[in-house]
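Colleague: Just a sequence and a predicted model for now, questions to come.
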Amino acid sequence: MDLQDFFDAEFDEHAAVTRATRAAVAEPFAALLAGCVAAVRGGGKIMLFGNGGSAADAQHLATELSVRYKRDRAPIAAVALTTDSSALTAIGNDLGFEQLFARQIAAIGQKGDVAIGISTSGRSPNVIRGLRQAAEMGIVPAALGGGAGGELPGLADPLLLVPSTTTARIQEMHITLGQMLCGALELELELV
């Protein structure tokens, strides 16, 4: 392996996916922002969820919203459905792993909230069921996905699809878009 070639190729691919994502998701990003603003102004919350690295992104973004992003400000109601080990293990054991997020959304979600599922493949059964549960309850079923979107198109709206099939690049764009959402929410809600 030539380290310099590898290094350059990774950065080149990242830059290309960044450009393609910027062109592809401007409209759904604006719709996601509008949905989140409406939810927060209406007394609702933003629920985020996913598996593995996407679970980490959900936790990261919920923390940015509920604590602070750029400055000290009023908290934004946000929760990651990936953090309660008792709920996760009870749901997984008693109801099945596929119910992990749907059950929590049924318990704490309310009409007017926003549920943001994060899945690089768009084929995670627990994320798909969580979004279906959200839609049934009148909760905005939003998602961050990648490639062709798996099962997310037609279910998640708004849907931000990163135009790549490389998991690492999709995840890089998801956290970038999530951070942008945090910053835009602070500005839109005049919390900065």
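Modeller: In hand now; what should we look at?
Colleague: So what's the gap between the lengthiest helix in the chain and the chain middle?
Modeller: Counting by DSSP state H, the longest helix found in the chain is helix 3-41. Averaging C-alpha positions (CA atoms, centre = their mean, to the nearest Å) puts helix 3-41 13 Å from its chain's average.
Colleague: any weak-confidence spans in this protein?
Modeller: For the chain, the stretches with pLDDT under 70 are 191-192.
Colleague: Each with direction, which strands does the longest strand belonging to it pair with?
Modeller: Criterion DSSP state E: the longest strand present in the chain is strand 140-146. Take DSSP bridges as the rule and strand 140-146 pairs in its sheet with strand 114-118 (parallel), strand 159-162 (parallel).
Colleague: In JSON lines, list those strands along with mean neighbour count and distance to I46.
Modeller: Backbone N, C-alpha and C define where each C-beta goes, glycine included. As requested, the strands paired with strand 140-146 are exported to JSON lines (neighbours: other CB atoms under 10 Å; distance: least, CB to CB, whole Å):
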{"stretch": "strand 114-118", "mean neighbour count": "30", "distance to I46": "5"}
{"stretch": "strand 159-162", "mean neighbour count": "25", "distance to I46": "14"}
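Colleague: need the contact list for L95.
Modeller: R103 (CB atoms under 8 Å, 6 or more residues apart in numbering).
Colleague: Next one: it from D84, what distance?
Modeller: Applying CB to CB, to the nearest Å, the value for L95 to D84 is 14 Å.
Colleague: Same question for I76.
Modeller: 19 Å.
Colleague: what do you get for G178?
Modeller: Between G178 and D84 the computed distance is 20 Å (CB to CB).
Colleague: Same check on F11?
Modeller: F11 is 38 Å from D84, by CB to CB.
Colleague: Those two - which one has more neighbours?
Modeller: D84 (13 against 10; other CB atoms under 10 Å).
Colleague: Leaving out chain neighbours, which residue sits closest to the more buried one?
Modeller: Leaving aside its chain neighbours, D84 sits nearest to Q104 (7.8 Å; criterion: CB to CB, 6 or more residues apart in numbering).
Colleague: what does I76 give?
Modeller: Leaving out its chain neighbours, the residue that sits closest to I76 by CB to CB, 6+ apart is L65, at 4.1 Å.
Colleague: and the one you found, which of the three is it?
Modeller: State at L65, reduced to three classes by DSSP: H, G, I helix; E, B strand; the rest coil: helix.
Colleague: Which of the three states applies to R123?
Modeller: Three-state call for R123 (three-state DSSP): coil.
Colleague: ok, now which ones touch it?
Modeller: Counting by CB under 8 Å, 6+ apart, R123 has contacts G150, E151.
Colleague: circling back: what is the longest helix of the chain packed up against?
Modeller: Under the contact criterion of 3 or more CB pairs under 8 Å, 6 or more residues apart in numbering; DSSP states H and E, helix 3-41 touches strand 46-50, strand 114-118, strand 140-146, strand 159-162, helix 167-188.
Colleague: hmm, try it at 6 Å
Modeller: Secondary-structure packing of helix 3-41 (3 or more CB pairs under 6 Å, 6 or more residues apart in numbering; DSSP states H and E): strand 114-118, strand 159-162, helix 167-188.
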